[in-house]
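Novice: Fold the following, please.
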Amino acid sequence: MASNRQLNLSCANVSDACEPVSLYTDMRFLTDPEQEQQLCEGRSLSSFVSFVLNAATEPQKLILEKIMNLSYYENEVEENKVPFLDVNDEEDGLKYTICIQKSMWLLPNATLENITAERFATFDYHQRCQPASCNIWRPGQDYEPEDSFTFRFTKTIISYIYDLTIQFRVTEIPESEMASLSEIDDIPIQKALLLERTKRDRTRQDSTKKVKSLLMFHQLDDGLLVSHITGVMNTSIPTIVASLLEHFHQTVADEVSETCVLTRQYFKQEFQ
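Specialist: Numbering: from 1, shown residues only. Below you'll find the predicted structure:
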């Protein structure tokens, strides 16, 4: 069912600057009118949660059901060598640790036409818009991408201790899925891009079983509402990382704010 929710959002007072607002582990956004006001002031909203799947709440299950099995591949189990996730399966519930990161912010003077899978897969875009914790690999020099929709980066999780290298493929989500995605926050979603993890050698398995990152967009009169959700399925998280996960919400908030500033600057330079 399509959302009929009316948003009271405007980019009129939004500059490049962005102050982070952490909602801690809450996956329900815009339940308080104050949050709409914070977005209109140019702030970013974010949350982060980690849990064993069988302890998932209903809002967490809703997100996982909506995003974790979306795929560019007709059969991702066979073609991308990643498992299907059933949030109600008892065996899966004991097997997987889940991380969900969620954020929202406004992008002034941008339109849906500016949002393409081609743009969001380029080295230039990620080099200019990803936070400082990410080192973007240069295609043709640092690695050979499978196609023009693939990018790779190394992200520092804990300085000097733990880095993570990940490769994503970018796909525009079919319009037929927009109604389903609109149910996540009861916000009409008009365009969405899926970033899903792929590997150079899909026969090799590691503890990170699946990563899906979804960028969703709602057109305003003077810009876009950007909603971003990343879900990670893992069978084994390093102990030193696991011990810090409950405190990651502030790190997430800071990086969302940094990404917001960089992306606003990018779009201003490219389109204004």
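
Novice: mean confidence for stretch 142-160?
Specialist: Mean pLDDT, stretch 142-160: 84.

Novice: Give the buried residues for it.
Specialist: Of the residues in stretch 142-160, 145, 149-153, 155 count as buried by neighbour count, 16 or more other Cβ atoms under 10 Å. To be clear about C-beta, it is placed using only N, CA and C from the backbone, and glycine gets the same treatment.

Novice: residues contacting residue 65?
Specialist: Applying Cβ atoms under 8 Å, 6 or more residues apart in numbering to residue 65 gives the contacts residue 87.

Novice: This structure: helices as residue ranges?
Specialist: Secondary structure of the chain by DSSP state H: the helices cover 33-40, 58-67, 76-79, 90-95, 117-120, 123-129, 178-182, 239-242, 248-271.

Novice: low-confidence ranges in the stretch 101-250 of the chain?
Specialist: Applying pLDDT under 70 to the stretch 101-250 of the chain flags the ranges 157-162, 237-247.

Novice: okay, the helices of the chain in CSV with distance to residue 101 next?
Specialist: What follows is those, written out as CSV (distance: least, Cβ to Cβ, whole Å):
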stretch, distance to residue 101
helix 33-40, 17
helix 58-67, 10
helix 76-79, 21
helix 90-95, 20
helix 117-120, 17
helix 123-129, 16
helix 178-182, 17
helix 239-242, 14
helix 248-271, 6
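
Novice: Determine which of those helices approaches residue 229 most closely.
Specialist: helix 58-67 (5.9 Å; Cβ to Cβ).

Novice: Find out how far the closest one is from the centre of the chain, if you would.
Specialist: 14 Å (Cα atoms, centre = their mean, to the nearest Å).

Novice: go on, stretch 111-120?
Specialist: That offset, for stretch 111-120, works out to 16 Å (Cα atoms, centre = their mean).

Novice: Kindly report the same for stretch 15-31.
Specialist: With Cα atoms, centre = their mean, you get 14 Å for stretch 15-31.

Novice: which residues touch residue 79?
Specialist: residue 73.

Novice: quick revisit: which stretch among the helices of the chain comes nearest residue 196?
Specialist: helix 76-79 (7.8 Å).

Novice: Spell out the residue ranges of the strands in the stretch 51-200 of the chain.
Specialist: Counting by DSSP state E, counting those that start in this stretch, one finds strands in the stretch 51-200 of the chain at the ranges 97-108, 134-136, 150-158, 162-172, 191-198.

Novice: So which elements touch the first one?
Specialist: Using 3 or more Cβ pairs under 8 Å, 6 or more residues apart in numbering; DSSP states H and E, the elements in contact with strand 97-108 are helix 33-40, strand 44-52, helix 58-67, strand 223-234, helix 248-271.

Novice: Residue 135 is nearest to which of the ones you listed?
Specialist: helix 248-271 (14.1 Å).

Novice: by contact count, what packs against that closest one?
Specialist: Using 3+ Cβ pairs under 8 Å, 6+ apart, helix 248-271 is in contact with strand 20-22, strand 44-52, strand 97-108, helix 123-129.

Novice: what angle do the third one and strand 44-52 make?
Specialist: For the pair strand 97-108 and strand 44-52, the angle between their directions (axes from the mean of the first three to the mean of the last three Cα atoms, to 10 degrees) equals 170 degrees.
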